[in-house]
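A.B. asks: return a 3D structure for these sequence lines:
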Amino acid sequence: TSRLGNATYVDSNGLIKTAYRNFIVNTDLDNSWSSNNLTWSFQNVLNPFGEYNYVRETSHSANNQGIIYQAFTIQTGTLSCYFKASGVDKVSLVAQAATTSLSKAISFDLLNGTIQGTYNNAQGSIENVGNGWYRCTVHSPDTAVQYIVINPHNQSSVTFSISGRVTNTSSGGIYVYGPQFVDSGTEAGEFTHNFGNTLSGPPRYSHDPDTLVPTGLYLEPAATQLFRITSAYTSHWQDQGTTSTNNSGIAPDGTNTAKTVTQDTSSFNTHQFQRAFVCTTGNTYTYSVFLKKTNVDIIQIGFNNNVGADSSNARFNLSNGTIENEGNSTVNATIKPYLNGWYRVSITNLANEIGHRYVSIIFYTPTGGAGGIVFDGDGTSSFQMWGGQIEAGSYPTSYIYEGEPAMTRPADTYTSTATTVLD
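C.D. replies: Residues are numbered from 1 along each chain as shown. Sure, this is the predicted structure:
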């Protein structure tokens with residue numbers, strides 16, 4: 001499969017993970033690469049995945065800075081590559097900025113699997129993947145990268161030049177495989193090849209988020225996240241009769257980015273957390289969000305029209321994972337369990353007006369007015385939330401992280417190499 005962008009899936013531990021697009025072309029190391037002061041050639045050596053392909057070995061003499069490099073679209077993110085010692089056993093991996101003195105670089109020791117030194121306080125990691133191979137990673141979350149540079153060397157006490165490169169002290173080289181650059185400042189992502197100039201993301205093999213049973217290859221059509229800056233709920237959202245606290249719980253992706261929403265003590269009020277989006281008459285929209293009980297069982301999700309009337313809604317029980325009520329015949333609601341008490345709930349309805357429509361997450365009590373949503377707040381009742389998503393369509397698709405402007409997950413494209421069809 002191929003996909004021209006990032007997409008999420010559920011891993012074998014039940015966490016939401018991202019399959020990142022690789023922004024490096026020709027990762028088979030064949031074309032689009034340049035070299036200075038070294039030569040390199042393909043070798044019949046097992047790569048980190050146990051196959052005999054796409055491994056190159058560098059070779060260069062002492063007392064120079066031998067490099068291989070590639071230019072690409074300038075952006076922030078994380079650079080990674082697989083290396084194995086050969087004639088030399090160190091490598092400086094450089095995320096080179098347009099202003100070279102701002103580059104991020106780390107020198108890795110390929111014999112003992114350690115970070116030998118850093119340039120510009122670069123952050124990164126080295127991971128032993130077996131058979132002498134290491135995956136080396138350099139993060140550049142704040143400095144835009146223009147070139148990826150691979151610089152083998154053998155300095156026992158590393159000294160960086162102004163660009164983060166290191167001079168080799170003896171002849172020899174290293175084995176190289178699988179360069180990748182992703183638009184995350186914190187993780188390298190699962191490696192995927194780009195054979196040519198198309199920048200793709202890897203296939204997604206997902207799991208049931210509750211039972212962890214593998215669900216196979218994940219193929220979806222394109223979808224657009226119509227909300228922006230959603231996972232942390234730091235912008236565009238409004239407390240009404242509530243107070244909210246960011247980064248107050250572990251979210252379904254394993255990060256401390258869940259928000260806690262708590263009733264305030266206002267009297268005879270609707271206690272809700274809401275956000276507007278622009279809709280088109282006649283279009284069907286689905287809102288989904290991850291919710292977790294703290295000390296209330298029932299939460300209501302509402303689609304509100306321009307004047308604020310609760311025109312469609314559904315109520316969800318966060319104790320037993322059931323749908324308590326669908327507000328009218330046009331509403332379709334779902335609830336799906338995830339690990340650690342989380343549920344992904346959704347509500348689908350047809351927009352009956354042009355303009356702004358509100359999505360509200362509302363506290364509910366059976367004795368409250370206006371159908372159970374108007375009452376005196378107690379200042380303590382709360383729930384946790386994460387990962388809201390509004391999209392056109394009749395069902396919730398895999399979670400799309402926030403962005404500015406609205407982010408689109410491209411469609412997955414499946415291509416079969418089979419030449420025989422079996423009945």
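A.B. asks: from here on, just use CA atoms for contacts and neighbour counts.
C.D. replies: Will do.
A.B. asks: okay, now residue 330: neighbour count?
C.D. replies: By other C-alpha atoms under 10 Å, the residues close to residue 330 number 11.
A.B. asks: how about the one 4 residues further on?
C.D. replies: For residue 334, the tally of surrounding residues (other C-alpha under 10 Å) stands at 19.
A.B. asks: quick one: it from residue 193, how far?
C.D. replies: According to C-alpha to C-alpha, to the nearest Å, residue 334 and residue 193 sit 36 Å apart.
A.B. asks: please apply the same query to residue 166.
C.D. replies: For residue 166 relative to residue 193 (C-alpha to C-alpha), the value is 28 Å.
A.B. asks: the more surrounded of those two?
C.D. replies: residue 166 (27 against 20).
A.B. asks: and the nearest residue to that one once chain neighbours are set aside, which of the three is it?
C.D. replies: Distances taken as C-alpha to C-alpha, 6 or more residues apart in numbering place residue 160 nearest to residue 166, at 5.1 Å, with adjacent residues excluded. Under DSSP: H, G, I helix; E, B strand; the rest coil, the three-state class of residue 160 is coil.
A.B. asks: next, count neighbours for residue 160.
C.D. replies: 17.
A.B. asks: cool, residue 22 as well?
C.D. replies: What residue 22 shows, counting by other C-alpha under 10 Å, is a neighbour count of 28.
A.B. asks: same deal with residue 182?
C.D. replies: Residue 182: 26 neighbours (other C-alpha under 10 Å).
A.B. asks: how near is it to residue 414?
C.D. replies: 22 Å.
A.B. asks: cool, and residue 370?
C.D. replies: Taken as C-alpha to C-alpha, the span from residue 370 to residue 414 is 49 Å.
A.B. asks: same check on residue 378?
C.D. replies: Relative to residue 414, and taking C-alpha to C-alpha, residue 378 is found at 53 Å.
A.B. asks: then residue 342?
C.D. replies: According to C-alpha to C-alpha, residue 342 stands 31 Å off from residue 414.
A.B. asks: go on, residue 101?
C.D. replies: Residue 101 is 43 Å from residue 414, by C-alpha to C-alpha.
A.B. asks: of the two, who's got more company?
C.D. replies: Using other C-alpha under 10 Å as the criterion, residue 101 and residue 414 rank with residue 101 on top: 14 against 11.
A.B. asks: isn't that one up against residue 160?
C.D. replies: No - counting by C-alpha atoms under 8 Å, residue 101 sits too far from residue 160 to count as a contact (10.8 Å).
A.B. asks: low-confidence ranges, the stretch 1-150 of the chain, go.
C.D. replies: For the stretch 1-150 of the chain, not a single residue meets the criterion pLDDT under 70.
A.B. asks: so where do the strands sit in it?
C.D. replies: Here the stretch 1-150 of the chain has its strands, by DSSP state E, counting those that start in this stretch, at 7-10, 16-19, 34-36, 39-42, 56-59, 67-85, 90-96, 104-109, 114-119, 123-130, 133-153.
A.B. asks: what pairs with the fourth one, parallel or antiparallel?
C.D. replies: Going back to what we said before, that points to strand 39-42. strand 56-59 (antiparallel) (DSSP bridges).
A.B. asks: put the alpha carbons of the partner strand into CSV.
C.D. replies: Extracted in CSV, the C-alpha atoms of strand 56-59 (Å, rounded to 0.1, in the frame of the first residue of the first chain):
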residue,chain,number,x,y,z
ARG,A,56,25.6,0.5,0.6
GLU,A,57,29.1,0.6,2.1
THR,A,58,31.0,3.8,2.2
SER,A,59,34.8,4.0,1.6
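A.B. asks: report the distance from it to the chain centre.
C.D. replies: In terms of C-alpha atoms, centre = their mean, to the nearest Å, the centre of strand 56-59 is set 33 Å apart from its chain centre.
A.B. asks: please point out which parts of it sit buried.
C.D. replies: By 16 or more other C-alpha atoms under 10 Å, the buried positions in strand 56-59 come out as 56, 57, 58, 59.
A.B. asks: got the contact list for it?
C.D. replies: For strand 56-59, the surrounding residues in contact (C-alpha atoms under 8 Å, 6 or more residues apart in numbering) are 29, 38-43, 86, 152, 171-177.
A.B. asks: closest to residue 200 among those?
C.D. replies: Sorting the contacts of strand 56-59 by how near they are to residue 200, with C-alpha to C-alpha, puts residue 29 at the top with 16.0 Å.
A.B. asks: hey, what's residue 413 bridged with?
C.D. replies: For residue 413, the beta-bridge partners under DSSP bridges are residue 2.
A.B. asks: pretty sure it contacts residue 3?
C.D. replies: Yes - counting by C-alpha under 8 Å, residue 413 does reach residue 3; the two are 6.2 Å apart.
A.B. asks: compare those two (neighbour count), which wins?
C.D. replies: residue 3 (24 against 13).
A.B. asks: how about that one, phi and psi?
C.D. replies: Main-chain dihedrals, residue 3, degrees, to the nearest 10: phi -160, psi 130.
A.B. asks: quick one, what contacts it?
C.D. replies: Counting by C-alpha under 8 Å, 6+ apart, residue 3 touches 21, 200, 201, 202, 203, 410, 411, 412, 413.
A.B. asks: would you reformat those residues as TSV and include distance to residue 402?
C.D. replies: Shown next, in TSV, are these (distance: C-alpha to C-alpha, whole Å):
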residue	distance to residue 402
21	16
200	20
201	18
202	20
203	21
410	15
411	18
412	20
413	23
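A.B. asks: ok, so of those residues, who is nearest residue 65?
C.D. replies: residue 21 (30.4 Å).
A.B. asks: chain neighbours aside, what residue packs nearest to that closest one?
C.D. replies: The spatial neighbour of residue 21 that comes closest, neighbours along the chain excluded (C-alpha to C-alpha, 6+ apart), is residue 201 at 3.8 Å.
A.B. asks: which intervals of the stretch 151-300 of the chain have sub-threshold pLDDT?
C.D. replies: Judged by pLDDT under 70, the stretch 151-300 of the chain has its weakly predicted residues at 229-236.
A.B. asks: okay, strands next: where are they in it?
C.D. replies: So, for the stretch 151-300 of the chain - with DSSP E, counting those that start in this stretch - the strands run 174-182, 204-207, 214-218, 223-225, 238-240, 242-245, 259-263, 269-270, 272-279, 284-293, 298-304.
A.B. asks: need the per-residue pLDDT for the closest residue to residue 322 other than its chain neighbours.
C.D. replies: Counting by C-alpha to C-alpha, 6+ apart, residue 322 lies nearest to residue 316, which is 6.0 Å off, once chain neighbours are set aside. Here the pLDDT value assigned to residue 316 is 98.
A.B. asks: before I go, just wanted to say thanks for your time.
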